[in-house]
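K.L.:
Sequence first, then the predicted structure:
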Amino acid sequence: MEHIRVPKVENVCLVDRFSARKKVVGTLYLTSTHVIFVDPEGHKETWISHMHIGSVEKKTATANGCPLQIRCKNFLNVTFIIPRERECQDVCSSLITLSQPENLEDLYAFHFTASDATNRQNGWDFFDLKSEYLRMGVPNDNWSLSTINKDYELCDTYPRFLYIPATASTPIVLGSARFRSRGRLPVLSYLHRENQAAICRSSQPLSGFSARCEEDESLLQGIRKANPSSKYMYVVDTRPKINAIANRAAGKGYEKETFYSHIKFKFLGIENIHVMRSSLQKLIEVCELQNPTMSTFLSGLESSGWLRHIRAIVDTSAFVARMIQEGVSVMVHCSDGWDRTAQTCSLASLMLDPYYRTIEGFQTLIEKDWLSFGHKYTERCGHISGVDAKEVSPIFTQFIDCVWQLTQQFPMSFQFNERYLLTIHDHVFSCQFGTFIGCCEKDRIDLRLRERTYSLWGYTSKYTSNFSNPFYQKSLEISQPIIVPVINPQSFKFWRAMYCRFESGVHPRENIIDIICMMKDHTESLDDHKKLVEKRIAVLNKLLGYAYGEESLMQAIQNLSSSESMDFRALLLNNTDNKNSEEIIKSSGTSPNSHVKNCLENYAEPGFEDGGTTRMSKSLVKDGVVSSGVNEADPVQIEQLLKELQSVAIEWKSLRNAVICSCAMPFEQHSKKHHCWCCGDIYCNRCIDRYVPLPGHDSSRPVPVCKACYKRLKYSPSPSVDDFQKLQEQA
């Protein structure tokens, strides 16, 4: 809080970039973690995480006030007009300091506490490197587990467990590590179980103009021979060849073909981090144009080169996937092996293995290829103030974009949806979770992130329904296990939901994925409710059939006046066609209600037997529909029936006009809108964090409900007969 010079500024104007006339006046709050703008008239709140802020710029003061522009790493661009220049300067200085912590331990994750008492350990035990390699069938006769790096002494940016060819001895491994940049020697990343073709990864060799290393050559031969189905392998250098040649002057470079027999070399031209950073900046400038023409936008998009770079990454990954599909092993490297190499290896694995296209599998893929094998998140994402600006680059953003491109070409092959990708991208920069803090496995252990922070995977596991793709076909894992994308230029799209996510008016009014998910959930709720109602009706039909005879039952029900109380005495005595009704009851020596109770006790509907799997009891007596203690003149107790009928929303509100939650949180274009299955209203994530079984559902599975419905279901008194009659009138 010491960095906050002014915690609150009133009469601040939020400017709409596309319409100068659309201005909202409210109050700006600065907290230790967020900037919050509150619009009292529209009852809206705009929250901006300090860690999402990429730049803050105070512009020249005008007669209306002093503009303050905030550009965020998640592509939000917002301008506030603050009445007094001194206050604007104080806000600007505070945000610059708060958005750029000096140390990793000052990041939000180390101070964040979940509001719902979530266990801090949730999600941290989700991934185990050795288990993932066991899933691939490793270790085996050709590949072995090496613990030579167990203390991170061989390579501090690699995981402690490495998988290498079974023929590779310790001297070979040590020699190869010395010959590779930063000690990142060739190791196994992915093994195709059917044909034993492998994807390996490393950094560039320290070859210079003429140096060679026999241990490194032996290790690559071991990788080639570990695949008995092929006599050769590929070494894919993801860099443009001219860049690799330039690195030779610094004592680095690429492998010389004459030293590596039976190995083919291929350069595939993904540009370096500096080109990618410049490309994204140009793309952002295009997206921030006010009222651009079609030609201006398309020419700006082309000149940025962003889609060209995305295509190059997908093309390189597709080449690797095709080689593996043909049974040829591939080793991939770039310069240091943690940017372009991570992109290529992970995307190729995604194309080859349907497990990685599930929600759980995608998390595993990120843990393996990006977190365990190292990616410089601290530098590339600019998490702290001491980072060199030249080291910042959108490498992980490109990976997420490439995955989205694949989901567009294969919409039924991915279990997760667009929102899942956006959520992961958001939290890479938000630093709310410890998952993406640090540059490698060793960094995360040294920082004790498991004990001190929450895991992103623990959070996403709570909201799996938010991230599910309704078009996903699990059967494609068998019929189409490998997906190789089309790389024609016209197959690549501008991802509007990522780069123009916060721009009003450029998105469809309704998200088709959300509509389909809503219809699916609503249908499931009604089907579940229908099953329970049918069982209740079946019990009542059988019960009343004992007293009437089956033929006169429906006539008796029709003769009932809607104003009469719903008790079985009326049902039994109101049927003039059944002359023996009263004699049947009188001869039994019991009251009408007792007679009904006896009928119930002697009847067992299929699915209501003792010991069955259903939660419904053998008779309605146990469920509170018939009370053993009622008087002859009293109506049968129907509290349970009423509670069941009132607990399920028959109609759900439309998503189209839902722009703000009851808690004042506005719904962004791609934020999930949740329906309460009990009342049918729409809420945000924060307001619908309870999952309980509804009395009106047959399955007893927990479903999302709002806080008000949760309290009503749990603490409200039982409903009365008058409530039931009101329900009939409403129907």
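P.N.:
That came through fine.

K.L.:
what ranges do the strands span in the stretch 151-300 of the chain?
P.N.:
For the stretch 151-300 of the chain, strands defined by DSSP state E, counting those that start in this stretch occupy the ranges 162-165, 187-191, 198-202, 233-237, 263-267.

K.L.:
CA atoms only: put the fourth one into CSV for me.
P.N.:
Once side chains and other backbone atoms are set aside, the C-alpha atoms of strand 233-237 remain, and they are given as CSV (Å, rounded to 0.1, in the frame of the first residue of the first chain):
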residue,chain,number,x,y,z
MET,A,233,16.4,-39.4,-38.8
TYR,A,234,15.9,-35.6,-39.2
VAL,A,235,17.5,-32.7,-37.3
VAL,A,236,15.2,-29.8,-37.7
ASP,A,237,16.7,-26.4,-37.1
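
K.L.:
Which strands or helices does that strand pack on?
P.N.:
helix 214-225, strand 263-267, helix 306-325, strand 330-333 (3 or more Cβ pairs under 8 Å, 6 or more residues apart in numbering; DSSP states H and E). Glycine gets a C-beta too; all of them are placed from N, C-alpha and C.

K.L.:
now do the first one
P.N.:
Contact here means 3+ Cβ pairs under 8 Å, 6+ apart; on that basis strand 162-165 packs against strand 143-146, strand 187-191, helix 214-225.

K.L.:
Select, out of those, the one closest to Cys687.
P.N.:
strand 187-191 (41.7 Å; Cβ to Cβ).

K.L.:
Local confidence estimate at the spatially closest residue to Asp237 that is not a sequence neighbour?
P.N.:
In space, and not counting its chain neighbours, Asp237 is closest to Phe267: 5.0 Å by Cβ to Cβ, 6 or more residues apart in numbering. Looking at Phe267, its pLDDT is 95.

K.L.:
do the same with Ala20
P.N.:
56.

K.L.:
List the contacts of Cys431.
P.N.:
Met51, Leu107, Tyr108, Ala109, His383, Ile437 (Cβ atoms under 8 Å, 6 or more residues apart in numbering).

K.L.:
Just the closest of those residues to Val91, please.
P.N.:
Scanning these for proximity to Val91, where the rule is Cβ to Cβ, the winner is Met51, at 17.1 Å.

K.L.:
Measure how buried that closest one is and give me the count.
P.N.:
25 (other Cβ atoms under 10 Å).

K.L.:
any idea how far it is from Arg501?
P.N.:
17 Å (Cβ to Cβ, to the nearest Å).

K.L.:
Can you tell me the closest non-neighbouring residue to the residue nearest the centre of the chain?
P.N.:
By Cα atoms, centre = their mean, the chain has its centre lying nearest to Tyr420, at 3.1 Å. The shortest distance from Tyr420 to any non-neighbouring residue, by Cβ to Cβ, 6+ apart, is to Phe467 (3.7 Å).

K.L.:
Hmm, the one you found is touching Glu360, no?
P.N.:
No: between Phe467 and Glu360 there is no contact under Cβ atoms under 8 Å: 11.1 Å.

K.L.:
out of those two, which sits in the busier spot?
P.N.:
Between Phe467 and Glu360, Phe467 has the larger neighbour count (other Cβ under 10 Å), namely 21 against 17.

K.L.:
where does that one fall, phi/psi-wise?
P.N.:
phi -110, psi 10 (degrees, to the nearest 10).

K.L.:
Distance of Leu154 relative to Ser181?
P.N.:
14 Å.

K.L.:
Would you state the helices of the stretch 151-300 of the chain in chain order?
P.N.:
170-179, 214-225, 241-248, 273-287, 294-304 (DSSP state H, counting those that start in this stretch).

K.L.:
To Lys442, which of those lies closest?
P.N.:
helix 170-179 (15.4 Å).

K.L.:
about what we covered before: can you tell me how far the residue nearest to the centre of the chain is from Thr358?
P.N.:
11 Å.

K.L.:
now swap in Val328 and tell me
P.N.:
27 Å.

K.L.:
who has more neighbours, the two?
P.N.:
More crowded of Val328 and Thr358, by other Cβ under 10 Å: Val328, with 21 against 18.

K.L.:
got a list of what the closest residue to that one other than its chain neighbours touches?
P.N.:
In this structure, Val328 finds its nearest non-sequential neighbour in Ser230, 4.9 Å apart by Cβ to Cβ, 6+ apart. Going by Cβ under 8 Å, 6+ apart, Ser230 touches Ala197, Arg224, Gly327, Val328, Ser329.

K.L.:
give me that answer again for 10 Å
P.N.:
Asn195, Gln196, Ala197, Arg224, His262, Met323, Glu326, Gly327, Val328, Ser329 (Cβ atoms under 10 Å, 6 or more residues apart in numbering).

K.L.:
go on, Gln405?
P.N.:
Leu307, Ile310, Arg311, Ile313, Val314, Leu347, Pro485, Ile487, Ser491, Phe492, Lys493, Trp495.

K.L.:
Mind giving me the PyMOL select for those, buried ones only?
P.N.:
Those of the contacts of Gln405 that count as buried under 16 or more other Cβ atoms under 10 Å are selected in PyMOL with:
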select buried, resi 307+310+311+313+314+347+485+487+492+495
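
K.L.:
Please identify which of the contacts of Gln405 is nearest to Leu206.
P.N.:
Ile313 (25.7 Å).

K.L.:
what separates the closest one from Cys402, distance-wise?
P.N.:
5 Å.

K.L.:
who touches both of the two?
P.N.:
Common neighbours of Ile313 and Cys402 (Cβ under 10 Å, 6+ apart) are Gln343, Thr344, Leu347.

K.L.:
Kindly present those residues as TSV, with separate columns for distance to Asn77 and secondary structure.
P.N.:
Below are these laid out as TSV (distance: Cβ to Cβ, whole Å; DSSP: H, G, I helix; E, B strand; the rest coil):
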residue	distance to Asn77	secondary structure
Gln343	27	helix
Thr344	31	helix
Leu347	29	helix
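
K.L.:
nearest to Ala166, of those residues?
P.N.:
Thr344 (25.2 Å).

K.L.:
how many neighbours does the closest residue in space to His333 that isn't next to it in sequence have?
P.N.:
Spatial nearest neighbour of His333, chain neighbours left out: Ser202 (4.7 Å); criterion: Cβ to Cβ, 6+ apart. Ser202: 29 surrounding residues under other Cβ under 10 Å.

K.L.:
Verify the contact between Ser202 and Val332 for me.
P.N.:
Yes: between Ser202 and Val332 there is a contact under Cβ atoms under 10 Å: 7.8 Å.

K.L.:
what sits in contact with each of the two?
P.N.:
With Cβ under 10 Å, 6+ apart as the test, Ser202 and Val332 both reach Pro186, Ser189, Val235, Thr341.

K.L.:
Phe112: helix or strand, and which one exactly?
P.N.:
Secondary structure assignment for Phe112, by DSSP states H and E: no helix or strand.

K.L.:
Same check on Val24?
P.N.:
Per DSSP H and E: strand 19-30 holds Val24.

K.L.:
now whichever helix or strand comes after that strand, how far from the chain's geometric center?
P.N.:
Of the helices and strands lying after strand 19-30 in sequence (DSSP H and E), the nearest is strand 34-39. The chain centroid and the centroid of strand 34-39 are separated by 25 Å under Cα atoms, centre = their mean, to the nearest Å.

K.L.:
Who are the packing partners of the helix or strand just after strand 34-39?
P.N.:
Using DSSP H and E, the helix or strand that follows strand 34-39 towards the C-terminus is strand 44-49. Packing partners of strand 44-49 (3 or more Cβ pairs under 10 Å, 6 or more residues apart in numbering; DSSP states H and E): strand 19-30, strand 34-39, strand 66-72, strand 77-82, helix 418-430.

K.L.:
Format these as TSV; extra columns: distance to Gln281.
P.N.:
Shown next, in TSV, are those (distance: least, Cβ to Cβ, whole Å):
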stretch	distance to Gln281
strand 19-30	25
strand 34-39	23
strand 66-72	11
strand 77-82	13
helix 418-430	16
